[in-house]
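Trainee: I'd like to go over a predicted model; first the sequence, then the structure.
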Amino acid sequence: SLSLFTMAAHPLLQDADLPAHARAVFLGDNETSFPSWTTDLDDMLRMIVIHAQFEFEQVAARVRQYVQRVREVGGIFPETVQPEYYDARACRLRWAHLDYVSCANYAKSSWKP
C-alpha cells in the first residue's frame, strides 16, 4: 500500500506556490524537520471535512481549534504543529493529497467490481 509520506505528492502540488512549512510536508522538502501533519491530524481532517461539507474555511477553523485544545491540555504534538499553519488552503491541499493516496491504494487493490 502507498504511504502518506513516501509516495510522490499529488500532481497539482508539484508546481504550487507553497509556504516553507507546506513544502516540507507535501513535497518532502526537509520533511523530518517540519512534520506539520500527523496521523492524528490527518484522521481529524478527514472527519472535519465531511462534517463541514467541504467548506474549507470552516475546516481550517476547526482544525486550528483542535490543535489549540490539544496543546492546552498538554497533548503531544511536534513543535511544528501550531494552529497558525492550518489555513483553508493548507487543509484543502492536505485533503487533496489524502484523497489521492486513498484513490491510488484503491486502484491497486485486488478487489474487482
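Mentor: Yep, it's here.
Trainee: can you map out the helices along this protein?
Mentor: All helices of the chain, identified by DSSP state H, fall at 20-27, 39-51, 56-72, 88-108.
Trainee: Buried deepest among those, which one?
Mentor: Ranked by mean neighbour count under mean count of other Cβ atoms under 10 Å, the helices of the chain are led by helix 20-27, which reaches a mean of 19. C-betas here are computed from N, CA, C, even on glycine.
Trainee: between the helices of the chain, which gets the lowest average pLDDT?
Mentor: Among the helices of the chain, helix 20-27 carries the lowest mean pLDDT, at a mean of 58.
Trainee: Pull up the gap between the nearest residue to residue 42 once chain neighbours are set aside and residue 39, please.
Mentor: Leaving aside its sequence neighbours, residue 42 sits nearest to residue 98 (Cβ to Cβ, 6 or more residues apart in numbering; 6.1 Å). As judged by Cβ to Cβ, to the nearest Å, residue 98 and residue 39 stand 11 Å apart.
Trainee: do residue 107 as well
Mentor: From residue 107 to residue 39 the distance is 22 Å (Cβ to Cβ).
Trainee: Ok, residue 60 next?
Mentor: 19 Å.
Trainee: what does residue 94 give?
Mentor: On the measure of Cβ to Cβ, residue 94 and residue 39 end up 12 Å apart.
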